[in-house]
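**Q** Got a sequence here, can you build the structure:
(2 chains, ligands or ions: 2)
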Amino acid sequence: MQRLEKLELIWQSLPLLGEGVLVTMTLTISLLGVGLLLGIPVALGQAYGPRPVRLLMSSYERFFRAMPILVLLIVCFYGLGFWGIYVPAFGTAVVVFGLHSSAYQSQIFRGAIQAIKEGQLLAARALGMSRLQAIRYIVLPQALRLSLPGWSNEYSGVLKDTSFVFAIGVTELTRQGWQIAMRTREIFLVFITVAVIYLILTYLGTWLLERIERRLSVPGLAGQRREEHGRVI
Amino acid sequence: MSSEYKVSSEASFVVRVADLHKRYGSEEVLKGVSFAVRQGEALAIIGPSGTGKSTLLRCINRLTEPDRGRIWLENTEITNAKTDINKIRQQIGFVFQDFNLFAHLTALDNVRLGLTKVKKLSLKEATERAMIELRRVGLAEQAQKYPAQLSGGQQQRVSIARALAMDPKLMLFDEPTSALDPELIGEVLHVMQDLADEGMTMIVVTHEMGFARSVCDEVIFMEKGVIVEQGPPEQIFTQPKQPRTQQFLSKISELYGRTSS
Ligand SMILES: Nc1ncnc2c1ncn2[C@@H]1O[C@H](COP(=O)(O)OP(=O)(O)OP(=O)(O)O)[C@@H](O)[C@H]1O
Ligand SMILES: [Mg+2]
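**A** Ligands and ions are numbered 1, 2, ... in the order given. Model prediction:
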């Protein structure tokens, strides 16, 4: 009888948890997008920029990689509030997480750029392409493909990190769970459910990225999945 | 055979190089190199490793910036800072030792990319032209394959097609067969011979003495950043004037055993 009640409790919490999932996923996807848009130029600047640009991009990347995300969140949200500047919590979260992720994504991307043989750029220039054209038509398509496994990691990492926005009052999945748990006094049960939901979200995301990776894969491009060669060892 | 590149009766210079210098750090790699290539002529550049042959070739389309000296493509001075180098490079085909095909593109797209993005041809025109060039190098059937699915010889032929598609006035080859297994060298040399026969103006850095001798009209022997000797292949290979040329040739024939064709 009691067991049935508990099941019912979970069942009734699902719509609220679903709202939490929506917020978590919106935040995750937006921050990955912001991180990508900033991370690509940072990586390109580091790889091909003149010295001052390289230094600037490296400091940017080091700074954001060194900063704990929670500290950044608190500084940006409450710190600015202290000075009388009020920013929306969700917007702050997207920007802070986006900057943080862009530092990590730039490293994924830079590694991919370095895996591209330099001779291909020479060949592109020899055809009369400008530097920008060579980057656009030769570097980007290859580097983006090579980055996909790294992004899979980044996705599952940031997905979990989004629960830090708890601290600035954004009601995403974890906070939604917290509120339900407080109300019903079923902490264990509710958080087991939350954990399972995170597991599913991680699995779905990496599954999707793997599919994209397969769909875009090109025979012989460095970094492709092992299965295409068959087992080697 | 197409007569697209037939020698004009009034043989004019396609490329002229005057007093070219290039230094890397304390090492002067090119110490004042001068020569010219006529329309329809095939020039071979031979010489020991580290002599500056690749550097010279790369200076011609300014993939490497020369320190001093002047280069002209027909009447345009390539070394003039005001010259739009991307316009010049469209007119000079470059074939690299290790092919440098774009790894994410099929053979067809490798050949087509310069046509659509640099020459701004429509996809249809570009495809037609690219297929003509792939057919010319005997690879029409492999058009949809990616570089990793092609043999070294096939990859090098794609890279030649990629350069030819741009309709160049001059083709530069930097040891196009040095990265190939011996049994694949012939197919690439064959394509190059056809090109020379059609009257394409070309400069070929090579260790294939048989090719230099039987296909090229002129041979330059370079060593340590200078031209040691220059002349028609018969003279260079049978009566070299400089003792260094002779030494180099006998060493090469020991190594490769293929100085005659
Ligand atoms: N980018 C560079 N930076 C520094 N030194 C270079 C560079 N490129 C070439 N060199 C040096 O210049 C010299 C000439 O090199 P180059 O590649 O032109 O010779 P090469 O005649 O083509 O030799 P090979 O037959 O081995 O290809 C070599 O000593 C080489 O180490
Ligand atoms: Mg060389």
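**Q** Is it correct that residue A:54 is in contact with residue A:46?
**A** Yes: shown here, residue A:54 and residue A:46 form a contact pair, counting by Cβ atoms under 8 Å, at 5.6 Å. Backbone N, C-alpha and C define where each C-beta goes, glycine included.
**Q** More neighbours: those two, which one.
**A** A direct count of neighbours by other Cβ atoms under 10 Å in any protein chain shown for residue A:54 and residue A:46 places residue A:46 higher, at 22 against 14.
**Q** List the contacts of stretch A:61-72.
**A** A:42, A:46, A:96-97, A:99-100, A:102-104, A:106-107, A:161, A:164, A:167 (Cβ atoms under 8 Å, 6 or more residues apart in numbering or on different chains).
**Q** repeat that for 6 Å
**A** A:96, A:99-100, A:103, A:106, A:161, A:164 (Cβ atoms under 6 Å, 6 or more residues apart in numbering or on different chains).
**Q** Make JSON lines out of the residues you listed and add distance to residue B:223.
**A** Below are those laid out as JSON lines (distance: Cβ to Cβ, whole Å):
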{"residue": "A:96", "distance to residue B:223": "62"}
{"residue": "A:99", "distance to residue B:223": "56"}
{"residue": "A:100", "distance to residue B:223": "57"}
{"residue": "A:103", "distance to residue B:223": "51"}
{"residue": "A:106", "distance to residue B:223": "46"}
{"residue": "A:161", "distance to residue B:223": "62"}
{"residue": "A:164", "distance to residue B:223": "66"}
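**Q** Return the subset of these lying in helices.
**A** Under the assignment DSSP state H, those contribute A:96, A:99-100, A:103, A:106, A:161 to helices.
**Q** Now tabulate the residues you listed in TSV and tack on neighbour count and pLDDT.
**A** Output for those, formatted as TSV (neighbours: other Cβ atoms under 10 Å in any protein chain shown; pLDDT from 0 to 100):
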residue	neighbour count	pLDDT
A:96	26	95
A:99	21	96
A:100	23	96
A:103	21	97
A:106	28	96
A:161	17	93
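**Q** tell me the two of those that are most distant?
**A** Using Cβ to Cβ, the ones in helices among the contacts of stretch A:61-72 reach their maximum pairwise distance at A:106 and A:161, which is 17.2 Å.
**Q** Now do the helices in the chain.
**A** Going with chain A. With DSSP H as the criterion, chain A has helices at A:2-48, A:51-66, A:69-74, A:80-82, A:89-114, A:118-126, A:131-134, A:140-161, A:173-184, A:187-216.
**Q** Chain B was what I was after
**A** Going by DSSP H, chain B shows helices at B:53-60, B:85-90, B:107-113, B:123-136, B:152-164, B:182-197, B:209-215, B:233-238, B:243-256.
**Q** from chain A, which residue is nearest to chain B?
**A** Chain B sits closest to residue A:220 of chain A, with a gap of 2.0 Å, by Cβ to the nearest Cβ.
**Q** pLDDT weak spots in chain B?
**A** Residue ranges of chain B with pLDDT under 70: B:1-11, B:256-261.
**Q** Contact distance from ligand 1 - what residues of it qualify?
**A** Residues of chain B lying close to ligand 1 by Cβ under 6 Å from any ligand atom are B:24, B:29, B:49-55.
**Q** which one of those sits closest to chain A?
**A** Looking across these and measuring by Cβ to the nearest Cβ, the closest to chain A is residue B:54, at 11.1 Å.
**Q** what's that closest one in contact with, if anything?
**A** Contact partners of residue B:54, counting by Cβ under 6 Å, 6+ apart, are residue B:174.
**Q** shouldn't residue B:30 be in contact with residue B:22?
**A** Yes: taking contacts as Cβ atoms under 6 Å, residue B:30 lies within contact range of residue B:22: 4.1 Å.
**Q** count of neighbours near residue B:25?
**A** So residue B:25, with other Cβ under 10 Å, has 6 neighbours.
**Q** What's the separation between it and residue B:43?
**A** Distance of residue B:25 to residue B:43, given as Cβ to Cβ, to the nearest Å: 29 Å.
**Q** likewise residue B:210?
**A** Per Cβ to Cβ, residue B:210 is found 16 Å from residue B:43.
**Q** Between these two, tell me which one has more neighbours.
**A** Applying other Cβ under 10 Å to residue B:210 and residue B:43 shows that residue B:43 carries more neighbours, namely 21 against 15.
**Q** and that one, what does it touch?
**A** Contacts of residue B:43 (Cβ under 6 Å, 6+ apart): B:37, B:203, B:218.
**Q** how does it look with 8 Å?
**A** By Cβ under 8 Å, 6+ apart, the contact list for residue B:43 reads B:35, B:37, B:202-204, B:216-220.
**Q** Give the bridge partners for it, please.
**A** Beta-bridge pairing for residue B:43 (DSSP bridges): residue B:203, residue B:218.
**Q** How much space separates it from residue B:196?
**A** Distance of residue B:43 to residue B:196, given as Cβ to Cβ: 10 Å.
**Q** any residues in contact with both of the two?
**A** In contact with both residue B:43 and residue B:196: B:202, B:216, using Cβ under 8 Å, 6+ apart.
**Q** about what we covered before: relative to ligand 1, which of the helices of chain A is closest?
**A** In terms of Cβ to the nearest ligand atom, the element of the helices of chain A nearest to ligand 1 is helix A:118-126, at 10.9 Å.
**Q** Pull out the buried positions in the closest one.
**A** A:120-126 (16 or more other Cβ atoms under 10 Å in any protein chain shown).
**Q** Including distance to residue B:70, could the helices of chain A go into JSON lines?
**A** Formatted as JSON lines, the helices of chain A follow (distance: least, Cβ to Cβ, whole Å):
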{"stretch": "helix A:2-48", "distance to residue B:70": "29"}
{"stretch": "helix A:51-66", "distance to residue B:70": "30"}
{"stretch": "helix A:69-74", "distance to residue B:70": "56"}
{"stretch": "helix A:80-82", "distance to residue B:70": "60"}
{"stretch": "helix A:89-114", "distance to residue B:70": "35"}
{"stretch": "helix A:118-126", "distance to residue B:70": "20"}
{"stretch": "helix A:131-134", "distance to residue B:70": "25"}
{"stretch": "helix A:140-161", "distance to residue B:70": "36"}
{"stretch": "helix A:173-184", "distance to residue B:70": "68"}
{"stretch": "helix A:187-216", "distance to residue B:70": "46"}
